[in-house]
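Enquirer: Sequence and predicted model, in that order:
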Amino acid sequence: MINEAVILLGGMGTRLLPYTKTISKEMLPIYDVPNIFLLVKEAYLSGIKKIIFVTTEHNKYLIQNFFSEDKYLNDFLKDKPDKKILLKEIDEIINNMKFVYVSQKEKGSYGALYSAKDYLENDNFIVMYGDDLIDSDIPLSKCLINEFQKTNTMQVAIKKISFDELPNTGIVKLDNNNYLIDLVTKKEEHNNALLHGRMLLNKKIFEIKDNLPIHENNEYYLPYALLLFKDVKAYFYQGEYFNIGNKIGFIKASIHYALKDQKVKNELLKYINEIKEK
């Protein structure tokens, strides 16, 4: 059974300053909800019952407050059913999931994940990057679980990218059976694909810490940990990807999710067209 997820929420959100001076980047709204809620909702719809947030002191308490019952607000809204219904989806998730908060003890994405190892009860679990927002018809975490049930191997979400849009480094190289074999530069042989922030991993990922290279600023990176295994399979997903750790990705994601709401779609499109005409 795969019913646990680890959400990695390190970093101070410096690319989103000045907003993130007082509000953590995870609480930035994507249309009408904090972006962290969209990750938790994906996990919930994928059958996850327990989420381990790996946080900093900067963001822990805001997230913790959001995913807790607010008795004062509930009392305030008890005679306002039209407003109370706006919290129905959030309340359902709060009432049906367990949330654990862990402080990141070592640097880098692998260091963040390693901080959660003692809080995982099962052998296999989902990993989600807080900056990677992915909208797909079937929740991506659910897709990874479905693939795992077929193959019994660790899974990573991969997105095919046009060559012109590829960065210079961090590109995925796969073998003929779509198993991960390397991370390469744009000049090397590769598969025109990038590793995005959803994975289904096994606890054996924690056994190779001493074999990992230490990068700049004493950081341990999770993708390099994956390369130490021969059974990490790529799952090419279909869906919209947004890097909400930067301002352009954040704005694009906000527009995307607003356009999914039929109540505001036409008015927003009208405004966008007016801007284009100007």
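Expert: Now that the structure is in, tell me what you want to look at.
Enquirer: In the stretch 101-250 of the chain, mark out all the strands, start to finish.
Expert: Counting by DSSP state E, counting those that start in this stretch, the stretch 101-250 of the chain has these strands, from start to end: 124-129, 132-135, 154-160, 171-174, 180-184, 193-202, 232-236, 240-243.
Enquirer: deepest of these, which one?
Expert: With neighbours defined as mean count of other Cβ atoms under 10 Å, those peak in mean count at strand 124-129, which reaches a mean of 24. For the C-beta atoms, the positions are set from N, CA and C on the backbone; glycine is no exception.
Enquirer: would a markdown table of the strands of the stretch 101-250 of the chain with mean pLDDT and distance to Tyr44 be doable?
Expert: Listed next are the strands of the stretch 101-250 of the chain as a markdown table, based on pLDDT from 0 to 100; distance: least, Cβ to Cβ, whole Å:
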| stretch | mean pLDDT | distance to Tyr44 |
| --- | --- | --- |
| strand 124-129 | 98 | 11 |
| strand 132-135 | 96 | 15 |
| strand 154-160 | 96 | 18 |
| strand 171-174 | 94 | 28 |
| strand 180-184 | 94 | 28 |
| strand 193-202 | 96 | 15 |
| strand 232-236 | 97 | 20 |
| strand 240-243 | 95 | 19 |
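Enquirer: Dump those strands into TSV; add distance to Asp75 as well.
Expert: Listed next are the strands of the stretch 101-250 of the chain as TSV, based on distance: least, Cβ to Cβ, whole Å:
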stretch	distance to Asp75
strand 124-129	33
strand 132-135	33
strand 154-160	42
strand 171-174	51
strand 180-184	51
strand 193-202	38
strand 232-236	45
strand 240-243	36
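Enquirer: now Ile94, what's its secondary structure?
Expert: Under the three-state scheme (DSSP: H, G, I helix; E, B strand; the rest coil), Ile94 adopts helix.
Enquirer: How many neighbouring residues does it have?
Expert: By the other Cβ atoms under 10 Å criterion, the neighbourhood of Ile94 contains 16 residues.
Enquirer: Give me the nearest residue to it, chain neighbours excluded.
Expert: Counting by Cβ to Cβ, 6 or more residues apart in numbering, Ile94 lies nearest to Phe67, which is 5.9 Å off, once chain neighbours are set aside.
Enquirer: Relative to Met128, how far out is the one you found?
Expert: Counting by Cβ to Cβ, to the nearest Å, the separation of Phe67 from Met128 is 15 Å.
Enquirer: Same question for Ile93.
Expert: Distance from Ile93 to Met128, counting by Cβ to Cβ: 15 Å.
Enquirer: Could you do Asn192 as well?
Expert: Separation of Asn192 from Met128 (Cβ to Cβ): 24 Å.
Enquirer: ok, now Ala258?
Expert: As for Ala258, its distance to Met128 is 23 Å (criterion: Cβ to Cβ).
Enquirer: got it, and Val184?
Expert: Plainly put, Val184 is 25 Å away from Met128 if you go by Cβ to Cβ.
Enquirer: now swap in Asn191 and tell me
Expert: When Cβ to Cβ is the yardstick, Asn191 and Met128 sit 23 Å from each other.
Enquirer: how many neighbours does Ser24 have?
Expert: Using other Cβ under 10 Å, the number of residues around Ser24 comes to 24.
Enquirer: Please read off the pLDDT at it from the model.
Expert: Listed pLDDT for Ser24 reads 84.
Enquirer: give me every residue that touches the residue lying closest to it once chain neighbours are set aside.
Expert: Counting by Cβ to Cβ, 6+ apart, Ser24 lies nearest to Asn59, which is 3.4 Å off, once chain neighbours are set aside. Contacts for Asn59 (Cβ atoms under 8 Å, 6 or more residues apart in numbering) come out as Leu9, Ser24, Lys25, Glu26, Met27.
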